[in-house]
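Peer 1: Build me a structure from this.
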Amino acid sequence: MGMQQRVEILKAFYRDARLLILDEPTAMLTPQETRELFKIINNLKTQGISILFISHKLDEVMEISDRVTVMRRGKTVRTLNTRETNEQELANLMVGREVKLVVEKSEPRLGETVLSGQNVMVYIMFVLIVLSQWFLFKTTVGLRLRAVGENPEAAETAGIDVVKMKYLGVILGGAFSALGGAYLSIGALNSFSPEMSSGRGYIALAAMIFGRWTPVGSFLASLLFGFATALSYSLQEFTVSKNIIMMLPYIVTILALVGIGGKSVAPAADGVPYRPKK
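Peer 2: Sure, this is the predicted structure:
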């Protein structure tokens, strides 16, 4: 995403643009890419180009801006010089009341709630994992769905509507994919941009294979790949090539798939077209 943004900025510069509007430009960037973008912005400022930087990240606003305009409910609340304000004042103006930017947290004790404050999609995910595992392995419809994936000819002989089961699988898979995309845009990043998934779909496919084609196994595999992704973000602070760091989740994915080898067997009829005999 960082390279794509550079290309867009260069295109605007090539057109001799004197005003550059950046709407949540760091939403998909790593810390290192954000610093590089700020260097470009500062260079453009020295060349007399006006930049409208739209963001809800107050630390970035304080770092990169000269003047701040706060808007609430589509109306301008106040315009301030950055040097004459602070994050606390900006947050109060954005919300319209006193806001606590720092929440004091105590160490969790036995019997206290520790899983709270997450996006609702996180809780839906845990429920869907349990329901999916139960549906596929404990219900008649789930058994039929798995039978169609393994041997549609035998399933049709047993009286199962193969086409109906295939449509059911596609619809359920599409719904789960939509929930994943919804969390990425409105849960994790609170913004949308083209290609924001950045290859995560392939990692999800690898997680399914590594998890032995089961919901619980895929969830555990996703924790491994998620840890690799989080580690790559943490390593951004070190003087290591960002290209090598960003490869880390995909390297872990490849090593996991190579390690599992032929132990994970896909449904025999996966991806094989089937024409009903009736």
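Peer 1: and stretch 149-169, how far out from the chain's middle?
Peer 2: In terms of CA atoms, centre = their mean, to the nearest Å, the gap separating the centre of stretch 149-169 from the centre of its chain is 34 Å.
Peer 1: What segments of the protein are helices?
Peer 2: Assigned by DSSP state H, the helices in the chain fall at 2-14, 31-46, 58-64, 87-95, 120-138, 140-150, 152-157, 162-182, 200-210, 215-234, 242-246, 248-260.
Peer 1: Okay, buried residues for the fourth one please.
Peer 2: So that's helix 87-95. Within helix 87-95, the residues scored as buried using 16 or more other CB atoms under 10 Å are 89-91, 93. No exception for glycine: its C-beta is placed from N, CA and C like everyone else's.
Peer 1: Closest one to Asp16 out of these, please.
Peer 2: Nearest to Asp16 among the buried residues of helix 87-95 is Leu90, at 33.0 Å by CB to CB.
Peer 1: how much space between Thr79 and Met71?
Peer 2: 10 Å (CB to CB, to the nearest Å).
Peer 1: Pick out whichever of these two has more residues nearby.
Peer 2: Met71 (12 against 9; other CB atoms under 10 Å).
Peer 1: I'd say the more buried one and Arg78 touch.
Peer 2: No - assessed by CB atoms under 8 Å, Met71 is found out of contact with Arg78, at 9.4 Å.
Peer 1: Any regions of the protein where pLDDT drops low?
Peer 2: 1-7, 9-10, 12-14, 30, 101-117, 189-191, 193, 236-242, 260-262, 278 (pLDDT under 70).
Peer 1: so who does the residue nearest the centre of it touch?
Peer 2: In the chain, the C-alpha nearest the mean C-alpha coordinate belongs to Leu184, at 3.7 Å (CA atoms, centre = their mean). The contact partners of Leu184, by CB atoms under 8 Å, 6 or more residues apart in numbering, come to 196-197, 200.
Peer 1: Nearest to Val141 among those residues?
Peer 2: Of all the contacts of Leu184, Val141 sits closest to Arg200, with 29.1 Å by CB to CB.
Peer 1: Now that closest one: closest residue in space that isn't a chain neighbour?
Peer 2: Leu184 (7.6 Å; CB to CB, 6 or more residues apart in numbering).
Peer 1: Now do that neighbour against Gln118, distance only.
Peer 2: Distance from Leu184 to Gln118, by CB to CB: 15 Å.
Peer 1: Could you say which one of the helices of the chain comes nearest to Lys277?
Peer 2: Using CB to CB as the measure, helix 152-157 is the one of the helices of the chain that comes nearest Lys277, at 6.6 Å.
Peer 1: okay, now Ser132: neighbour count?
Peer 2: 18.
Peer 1: Check the spacing between the residue lying closest to Trp134 once chain neighbours are set aside and Ser218 real quick.
Peer 2: Leaving aside its sequence neighbours, Trp134 sits nearest to Gly142 (CB to CB, 6+ apart; 8.0 Å). Plainly put, Gly142 is 15 Å away from Ser218 if you go by CB to CB.
Peer 1: So for those two, which residue has more residues nearby?
Peer 2: The neighbour count for Gly142 versus Ser218, taken as other CB under 10 Å, is higher for Ser218 (21 against 15).
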